[in-house]
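# Mind looking at a prediction? Sequence and model below.
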Amino acid sequence: MTIDDALRAYASGHSSAKETKERTGLDYAQVLDGLGRLNLRVPPPAFDGPDGDALRESADRFTAFLKQAR
């Protein structure tokens, strides 16, 4: 798997940031740079697990706050 393949897998949600960093040897800033170079974005967070509802609610409130701040 190439670095670009690992970055594409991360952007599509098929691997985590930790897995991507381990596969590529890049730090997170380099991962972000690579995503930008490929015109990809960071995947949305997974709201699964025991705290999923609380995470989703927090994200929704933060998004609303940012919209009001404009």
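Cool, got the structure.
# From now on I want contacts and neighbour counts done on CA atoms only, so please keep to that.
Fine.
# Run through who's touching the top helix by length along the chain.
Scanning the chain for the longest helix, with DSSP state H as the assignment, gives helix 52-69. Identification of contacts with helix 52-69 by Cα atoms under 8 Å, 6 or more residues apart in numbering yields 46, 47.
# buried set for it?
residue 55 (16 or more other Cα atoms under 10 Å).
# heads up, I number from 38, so please use that
Taking 38 as the first residue, the last one we looked at is helix 89-106.
# If you average the pLDDT over that helix, what comes out?
For helix 89-106, mean pLDDT rounds to 88.
# mind saving the C-alpha coords of that helix as PDB?
C-alpha atoms of helix 89-106 as PDB (Å, rounded to 0.1, in the frame of the first residue of the first chain):
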ATOM      1  CA  GLY A  89     -21.700   8.400  20.500                       C
ATOM      2  CA  ASP A  90     -24.800  10.300  21.300                       C
ATOM      3  CA  ALA A  91     -23.000  12.700  23.600                       C
ATOM      4  CA  LEU A  92     -20.300  13.300  20.900                       C
ATOM      5  CA  ARG A  93     -22.900  14.000  18.300                       C
ATOM      6  CA  GLU A  94     -24.800  16.400  20.600                       C
ATOM      7  CA  SER A  95     -21.600  18.300  21.400                       C
ATOM      8  CA  ALA A  96     -20.600  18.500  17.700                       C
ATOM      9  CA  ASP A  97     -24.100  19.800  16.800                       C
ATOM     10  CA  ARG A  98     -23.800  22.500  19.500                       C
ATOM     11  CA  PHE A  99     -20.300  23.500  18.400                       C
ATOM     12  CA  THR A 100     -21.500  23.700  14.800                       C
ATOM     13  CA  ALA A 101     -24.400  26.000  15.800                       C
ATOM     14  CA  PHE A 102     -22.000  28.200  17.800                       C
ATOM     15  CA  LEU A 103     -19.800  28.600  14.800                       C
ATOM     16  CA  LYS A 104     -22.700  29.500  12.600                       C
ATOM     17  CA  GLN A 105     -23.800  32.200  15.100                       C
ATOM     18  CA  ALA A 106     -20.300  33.600  15.300                       C
END
